[in-house]
Every structure is written in structure tokens, then in C-alpha cells.
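Chemist: here's my sequence, what's the structure:
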Amino acid sequence: MRSLGFLPCFRWPSLSCFLPSRENPSHNAYRHRYVTVYYRWHPLCGQRLRVHRQEARERRGEILFCELPDETVIAVPAWMTHSEAAHLALGPPQPSTDALIELRALLDVLAVQDNNAKG
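Modeler: Prediction:
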């Protein structure tokens with residue numbers, strides 16, 4: 001397999017991981033589903049990719065495992081395949097609520113340490 005040389009794609013060792021067994025055929029609703037990558041900063045922006053499977057991941061959201069023309073399977077965040085992703089623009093940084101809560105806790109600890117050192 002050739003190296004793609006970019007992220008956020010994740011390479012799998014082979015396509016056979018995603019193909020149903022011949023002995024026990026199973027229904028795959030996504031067998032012929034295709035998506036387009038709309039996120040303008042993704043190297044595959046504008047390309048139509050075949051979806052082999054999708055997976056919901058806690059904290060990271062839904063991931064689509066797609067096949068490239070050379071049969072390499074990659075992982076693409078599902079939100080990058082929504083048409084709204086084409087309209088995302090650069091702007092000021094927007095930290096998550098979790099990051100702000102973590103920062104507040106750190107500042108509180110540092111303030112207590114500073115008060116203990118002074119007093």
C-alpha cells in the first residue's frame with residue numbers, strides 16, 4: 001500500500017477487514033453508499049468516496065471508513081462529508097467548554113498554591 005503522507009486519515013492494513021465473510025453473509029446498508037468530502041482543508045476535498053462502514057466514537061463523533069480509488073481504506077470524520085463543512089471559515093479561536101473548565105480548575109489550584117506560599 002502506498003503512503004498518503006497526510007492526516008487526519010487513518011490507514012488500515014487491508015480491505016479484507018471490511019468485507020463480509022462468504023460463509024455468513026450479512027446485510028450492509030452502506031455497501032454502495034458514497035459520500036463527498038466537503039471540508040475545504042482536507043486533501044481529498046471534492047472527491048467522492050465509497051463508504052465501507054461507519055462507527056460512532058465517544059468524544060470524536062462519527063467516523064466513516066472509506067475506500068480510495070487505489071483501494072486504500074481511510075477514516076474520515078463524518079462531519080467533513082456534510083455540505084455545511086464547505087462553508088467553514090477561519091476565525092478567532094473558540095475553546096471548548098471542557099477546555100475552559102479545565103483551565104479554571106488549573107487557575108484555582110495555582111491561586112491556592114500562590115496564597116499558601118505567601119502566607
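
Chemist: from here on, contacts and neighbour counts on C-alpha atoms
Modeler: Will do.

Chemist: strands of the protein, start to end?
Modeler: Applying DSSP state E to the chain gives strands spanning 34-36, 48-57, 61-67, 73-77.

Chemist: now, of those, which is deepest in the fold?
Modeler: Most buried of the strands of the chain by mean neighbour count (mean count of other CA atoms under 10 Å) is strand 73-77; its value is a mean of 22.

Chemist: tilt between that one and strand 61-67?
Modeler: 150 degrees (axes from the mean of the first three to the mean of the last three CA atoms, to 10 degrees).

Chemist: other SSEs contacting strand 73-77?
Modeler: Identification of packing neighbours for strand 73-77 by 3 or more CA pairs under 8 Å, 6 or more residues apart in numbering; DSSP states H and E yields strand 61-67.

Chemist: distance between the strand it packs on and the chain's centre?
Modeler: Relative to the centre of its chain, strand 61-67 is centred 7 Å away, using CA atoms, centre = their mean, to the nearest Å.

Chemist: so which elements touch it?
Modeler: When contacts are defined as 3+ CA pairs under 8 Å, 6+ apart, strand 61-67 packs onto strand 48-57, strand 73-77.

Chemist: including mean pLDDT and distance to Arg33, could the ones you listed go into TSV?
Modeler: Shown next, in TSV, are those (pLDDT from 0 to 100; distance: least, CA to CA, whole Å):
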stretch	mean pLDDT	distance to Arg33
strand 48-57	91	6
strand 73-77	95	14
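
Chemist: related to what we said a few turns ago, could you dump the strands of the chain into JSON lines and include distance to Ala105?
Modeler: Listed next are those as JSON lines, based on distance: least, CA to CA, whole Å:
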{"stretch": "strand 34-36", "distance to Ala105": "41"}
{"stretch": "strand 48-57", "distance to Ala105": "27"}
{"stretch": "strand 61-67", "distance to Ala105": "26"}
{"stretch": "strand 73-77", "distance to Ala105": "30"}
